[in-house]
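*Asks:* I'd like to go over a predicted model; first the sequence, then the structure.
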Amino acid sequence: DAGVIQSPRHEVTEMGQEVTLRCKPISGHDYLFWYRQTMMRGLELLIYFNNNVPIDDSGMPEDRFSAKMPNASFSTLKIQPSEPRDSAVYFCASSYIRGPQETQYFGPGTRLLVL
Amino acid sequence: AQTVTQSQPEMSVQEAETVTLSCTYDTSENNYYLFWYKQPPSRQMILVIRQEAYKQQNATENRFSVNFQKAAKSFSLKISDSQLGDTAMYFCAFMETSSGTYKYIFGTGTRLKVLA
């Protein structure tokens, strides 16, 4: 299996622009998680989905952030408009209910820099 | 609320030596899981080892082993025969399952440097 795939790997944008991060979970996985990692706040869970349905979005920092999962193999995290304080590494992770669902497998992350 | 504490921001160890990274957590739950993840400079998060709270036996994975003390709420990671490739950030994570959620709570990490 290719593992969790994220794109782009790096993104540089200007303040006010829309940013879309993409994630393809491992095939067969039915949980998908979005995390943000910064030096100041460490790893934070933003939102997670089960069977494409958002279960908990309490970690989403504000309305500028939105996430969707239109099907089992694709999810997006969108920031509109972006701000410099959104600069971070964003990770997607997935797990599956039929196996050790407690174990999450992480993608390589997207490093976002907002100027 | 559950919390995870890693009290050692940085550590170093000589190659081939053994090092232990500390992790404590706080929870009122009885059923939960604990994990150690490794994050090398590439930033990829890699699962090192997992432990089910209902198991008394400490988990081991090759050179990696844990010392799980449930009563003390302690979950330390021991790396034996340290290798240069072990240089990374190490994160301890907790997940309780009684509520049916699968949310991880991460510690702040320990930066480990293996010296040649």
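*Replies:* Perfect, I can see it now.

*Asks:* in chain B, which spans are strands?
*Replies:* Counting by DSSP state E, residue ranges of the strands within chain B are B:3-5, B:10-14, B:19-21, B:24-26, B:32-39, B:46-52, B:60-61, B:64-69, B:74-79, B:88-96, B:105-106, B:110-115.

*Asks:* format those strands as a markdown table; extra columns: distance to chain A and mean neighbour count.
*Replies:* (C-beta placed from N, C-alpha, C; glycine too.) Formatted as a markdown table, those follow (distance: least, C-beta to the nearest C-beta, whole Å; neighbours: other C-beta atoms under 10 Å in any protein chain shown):
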| stretch | distance to chain A | mean neighbour count |
| --- | --- | --- |
| strand B:3-5 | 10 | 15 |
| strand B:10-14 | 14 | 13 |
| strand B:19-21 | 16 | 19 |
| strand B:24-26 | 15 | 16 |
| strand B:32-39 | 4 | 22 |
| strand B:46-52 | 6 | 17 |
| strand B:60-61 | 13 | 12 |
| strand B:64-69 | 15 | 18 |
| strand B:74-79 | 14 | 20 |
| strand B:88-96 | 6 | 23 |
| strand B:105-106 | 4 | 20 |
| strand B:110-115 | 12 | 17 |
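
*Asks:* mean pLDDT and distance to residue A:94 added to the ones you listed, as a markdown table?
*Replies:* Below are the strands of chain B laid out as a markdown table (pLDDT from 0 to 100; distance: least, C-beta to C-beta, whole Å):
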| stretch | mean pLDDT | distance to residue A:94 |
| --- | --- | --- |
| strand B:3-5 | 93 | 21 |
| strand B:10-14 | 97 | 31 |
| strand B:19-21 | 98 | 26 |
| strand B:24-26 | 95 | 24 |
| strand B:32-39 | 94 | 15 |
| strand B:46-52 | 93 | 13 |
| strand B:60-61 | 94 | 21 |
| strand B:64-69 | 96 | 23 |
| strand B:74-79 | 97 | 24 |
| strand B:88-96 | 93 | 15 |
| strand B:105-106 | 91 | 17 |
| strand B:110-115 | 97 | 26 |
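
*Asks:* adding distance to residue A:72, write those out as JSON lines.
*Replies:* Formatted as JSON lines, the strands of chain B follow (distance: least, C-beta to C-beta, whole Å):
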{"stretch": "strand B:3-5", "distance to residue A:72": "30"}
{"stretch": "strand B:10-14", "distance to residue A:72": "41"}
{"stretch": "strand B:19-21", "distance to residue A:72": "36"}
{"stretch": "strand B:24-26", "distance to residue A:72": "32"}
{"stretch": "strand B:32-39", "distance to residue A:72": "24"}
{"stretch": "strand B:46-52", "distance to residue A:72": "22"}
{"stretch": "strand B:60-61", "distance to residue A:72": "30"}
{"stretch": "strand B:64-69", "distance to residue A:72": "32"}
{"stretch": "strand B:74-79", "distance to residue A:72": "33"}
{"stretch": "strand B:88-96", "distance to residue A:72": "22"}
{"stretch": "strand B:105-106", "distance to residue A:72": "26"}
{"stretch": "strand B:110-115", "distance to residue A:72": "35"}
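
*Asks:* so which of these is nearest residue A:55?
*Replies:* Among these, the nearest to residue A:55 by C-beta to C-beta is strand B:88-96 (14.0 Å).

*Asks:* minimum distance to chain A, which residue of chain B gives it?
*Replies:* residue B:45 (3.7 Å; C-beta to the nearest C-beta).

*Asks:* does the residue nearest to the spatial centre of chain A have beta-bridge partners, and which?
*Replies:* Chain A has residue A:34 as the residue nearest its centroid, 3.1 Å off, counting by C-alpha atoms, centre = their mean. Counting by DSSP bridges, residue A:34 is bridged to residue A:47, residue A:92.
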